[in-house]
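predicted model and sequence follow; I will ask about them next.
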Amino acid sequence: MPTAPDIISSIFRKYNKQDLSPEFIRDESNNICDILEISRVGDPGRTARMFAEQGFVSKVNGTCKYDPDVIPSNKKYEFEKYEYVYGYQDFEKSKKRMEKRKIDDLFNQIKRLVDDNPENRDYLNSILNPAHQAQQGALSSSFTFSQLIYYGVPGCGKSNKIREQLKNVPEKNKVRVVFHPEYTNAEFIGQILPKVNGHVTYEFTPGPFTQIIKRAYLNPNEQFYLVIEEINRGNAAAIFGDTFQLLDRLKAGETDSLGNDPANAAVNTFTEGWSQYFVQNDDVNAYIRGTENSIQIGNIRFDSNTAIRLPPNLSILATMNTSDQNVFTLDNAFQRRFDMELVRNEFNLTKPAVNAQYNAEIDDTGIKWGQFWGWINAKITATLKGLSSTEDKRLGVWFVSNAGGIIDDKVFAEKVLKFLWDDVFKFKRPQIFADGIDTLEKLINSFEKPSEGKERFDVFKDKSNLVAFVASPTL
C-alpha cells in the first residue's frame, strides 16, 4: 500500500515544472486514494511542506514545484525512490472503474430529478440534442451587436424608434434605464447594500448593467438589449466608470486571450463582438456565477478569475436630446464608441398615427398641429439663424400628442408656448410675441382666455403670417 510520501511525490513528478497549489495537491491526492480504494491522506499539505524543507521541491507564493533539471542529482535520485503510483499495473483500470461508478451515480441522480419533476425530461432531451450542443459550441456567433445613439430634437420620436425596434423582444431580454444628473456608477453597475431578514446582512445588489450582462452570459443564443434613455442628462463617463473600456469590441478576424487565469488562457479565446478590453469586478463576477465555482458560457469557461467583458449578444441602444438644458456633453472618446443616427424631424404621412398627429386641431383654432409645426420651425430657423443651437430648438413632431384628434388649449399653452418663451425665443421675445405680452403668465392667459375681439394665435406678433402659411404652407 502506498504511503503519503509515495502519493505526494507521484503528483509532483507527474506534474513536474508546474506550480501546484495546496488545493490541487489535496484534490489530486484524494482522487488517487479513491482510485486505489485506500484511505485518503490526512494532510497532503504537510507532506508537501516536508518535501520543500528537504529541498526536493521549491516553494513560492504558496505553491510548490518539482523541477528535476534544477535540483542536485542526489536529491533527484532520493526523491524518485518513492513509489510512482501512476505507474501501478492496475492504476488505469481502477481509474476507469471509478469513473464508470461516478457516471452511474450521476445517472441515478439525474433519473431521480426527472422522476420527481417530469418537466426536467424535456430539458434533458434538449441538452442531449446534437443541434443544441452545436449551438452551445460558440457564443452568439450569428448576432451582430449594436452600440447606437439616436439623437434629434425633443419630440422627434427617438424613444418610439427604439420601442418599435424592440416591440417583439421579450421583456427578460431588455433592460431600460434613464440617466439623470443624480444617477451614479453604483446604481448602474451595482453596490453593497444592507438587507434585513431577522438580522442585518450586506449583499451585492446588481444594477441594470450587471443584470443584463448576466442574462446575456447565461443565454448565449438569445439577443439582449440595454436601453439608455437620455444618455447625456447624466454624467455618462462617470456612470460607466471603468466599464467605459468595455465599449470597444473585437472586430471580425480579431481574437484576444488576455485577462484570464493562465490555466484557462488556451480555452478562453474571445472573438468578434466581445469587448476588446476587460475590467475586473469581483462583485459582478460572483453575481454572474451565482453559487457555482465556474460556469460554461458557450466556449468560455467563466470562473472567479475571469474578467468582465460585453458579450456579442448584448447591444446598447440610447437616446440623446442635443438641445436640453442642464445636460452633460458626451466627449469625443465616448461618442466614438457609438454609432450615431439622427431621427429626422418630419411627418411620414403614410403612417396612420403620424397622419392623425399632423391633422390634429389645436383646440378650436381651426389650425392643424402639422401646420403650426411647419410655421414655427421655419420661424425658429429664420429668427435664430447663425446660432449653433438653432436646429436643436425646433419642435419635434411629437412635442405634444393629440387626444382624439385634438390638442387641448391648456396642453398647447403649458408645453409649446412655455417652451418657446423660456427657451427658444428667450432673447427674442419682443420680436416674436404680441405687444403687451411681457410675461409668461400673460402669454398663457391670452391664449387660453383671449380677450374680446381677439383670437388665440393673436399672441404672436405676426399672426397674419401664420394664417398665410396655413393657407399655402410654403414658408
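Everything's here; your move.

can you give me the helices in the stretch 301-450 of the chain?
All helices of the stretch 301-450 of the chain, identified by DSSP state H, counting those that start in this stretch, fall at 332-336, 352-359, 369-383, 409-411, 418-419, 429-432, 440-448.

of all those helices, which one comes closest to residue 70?
helix 332-336 (48.8 Å; Cβ to Cβ). The C-beta positions use only the backbone N, C-alpha and C, and glycine is treated the same way.

what does the helix or strand containing residue 194 contact?
Residue 194 belongs to strand 190-196 when assigned by DSSP states H and E. Strand 190-196 has contacts (Cβ atoms under 8 Å, 6 or more residues apart in numbering) with 200-207, 209-210, 283-284, 287.

okay, helices next: where are they in the stretch 101-250 of the chain?
Taking DSSP H, counting those that start in this stretch as the criterion, the stretch 101-250 of the chain contains helices spanning 119-128, 130-136, 158-165, 185-189, 208-218, 236-240.

and the fourth one, what does it pack against?
Counting by 3 or more Cβ pairs under 8 Å, 6 or more residues apart in numbering; DSSP states H and E, the packing neighbours recorded for helix 185-189 are helix 208-218, helix 236-240.

buried ones in that helix?
185, 187, 188, 189 (16 or more other Cβ atoms under 10 Å).

list the residues that contact the third one.
Contact criterion Cβ under 8 Å, 6+ apart gives 177, 207, 208, 209, 239, 240 as the residues in contact with residue 188.

still on that earlier bit, can you lay out the buried residues of helix 185-189 as JSON lines showing pLDDT and distance to residue 52?
Below are these laid out as JSON lines (pLDDT from 0 to 100; distance: Cβ to Cβ, whole Å):
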{"residue": "185", "pLDDT": "94", "distance to residue 52": "45"}
{"residue": "187", "pLDDT": "95", "distance to residue 52": "49"}
{"residue": "188", "pLDDT": "95", "distance to residue 52": "47"}
{"residue": "189", "pLDDT": "95", "distance to residue 52": "42"}
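
ok, so of these, who is nearest residue 7?
residue 189 (45.9 Å).

how near is that closest one to residue 148?
Note on residue 189: its distance to residue 148, by Cβ to Cβ, to the nearest Å, is 21 Å.

pLDDT below threshold where in the chain?
118-119, 121-142, 258-267, 323-327, 388-389, 473-475 (pLDDT under 70).

which residues in it form strands?
58-60, 63-65, 147-152, 174-178, 190-196, 200-206, 224-229, 294-297, 300-303, 314-321, 339-342, 361-362, 406-407 (DSSP state E).

now the second one: buried residues?
Along strand 63-65, these residues count as buried under the neighbour rule (16+ other Cβ under 10 Å): 63, 64, 65.

one step back: now the buried members of the contacts of strand 190-196.
For these, buried by 16+ other Cβ under 10 Å: 205, 206, 207, 209, 210, 283, 284, 287.

now, among those residues, which is nearest to residue 397?
Among these, and counting by Cβ to Cβ, the member closest to residue 397 is residue 209, at 31.7 Å.

that closest one touches residue 243, doesn't it?
Yes - between residue 209 and residue 243 there is a contact under Cβ atoms under 8 Å: 6.8 Å.

tally of neighbours for residue 112?
Residues near residue 112, counting by other Cβ atoms under 10 Å, number 11.

please report the distance of it from residue 16.
For residue 112, the distance to residue 16 (Cβ to Cβ) stands at 42 Å.

how about residue 228?
For residue 228 relative to residue 16 (Cβ to Cβ), the value is 53 Å.

okay if I get the contacts of residue 188 as JSON lines plus distance to residue 355?
Formatted as JSON lines, the contacts of residue 188 follow (distance: Cβ to Cβ, whole Å):
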{"residue": "177", "distance to residue 355": "33"}
{"residue": "207", "distance to residue 355": "41"}
{"residue": "208", "distance to residue 355": "36"}
{"residue": "209", "distance to residue 355": "39"}
{"residue": "239", "distance to residue 355": "39"}
{"residue": "240", "distance to residue 355": "40"}
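
out of these, who's nearest residue 411?
Closest to residue 411, out of all of those and judged by Cβ to Cβ, is residue 177, at 28.1 Å.

ok, now which ones touch the closest one?
Going by Cβ under 8 Å, 6+ apart, residue 177 touches 188, 208, 226, 227, 228, 229.

cool, residue 236 as well?
Counted by Cβ under 8 Å, 6+ apart, residue 236 has contacts 179, 328, 330, 334.

go again with 10 Å.
With contact set as Cβ atoms under 10 Å, 6 or more residues apart in numbering, residue 236 has these partners: 179, 183, 188, 228, 244, 318, 320, 328-331, 334-335.

show the buried residues in the residues you listed.
Taking 16+ other Cβ under 10 Å as the criterion, what is buried in the contacts of residue 236 is 179, 183, 188, 228, 244, 318, 320, 328, 330, 334, 335.

next, give phi and psi for the first one.
For residue 179, the backbone dihedrals (degrees, to the nearest 10) come out as phi -80, psi 140.

how much space between it and residue 343?
18 Å.

equivalent analysis for the fifth one, please.
For residue 244, the distance to residue 343 equals 25 Å [Cβ to Cβ].

do the second one as well
Distance, residue 183 to residue 343, by Cβ to Cβ: 23 Å.

how many other residues sit next to residue 292?
10.

ok, now which ones touch it?
For residue 292, the contact set (Cβ under 10 Å, 6+ apart) comprises 302, 303.

got it, and residue 376?
394, 395, 399, 416, 420, 424, 432, 460, 466, 469.

how many other residues sit next to the closest residue to residue 79 other than its chain neighbours?
Spatial nearest neighbour of residue 79, excluding adjacent residues (Cβ to Cβ, 6 or more residues apart in numbering): residue 56 at 4.4 Å. Using other Cβ under 10 Å, residue 56 has 22 other residues around it.
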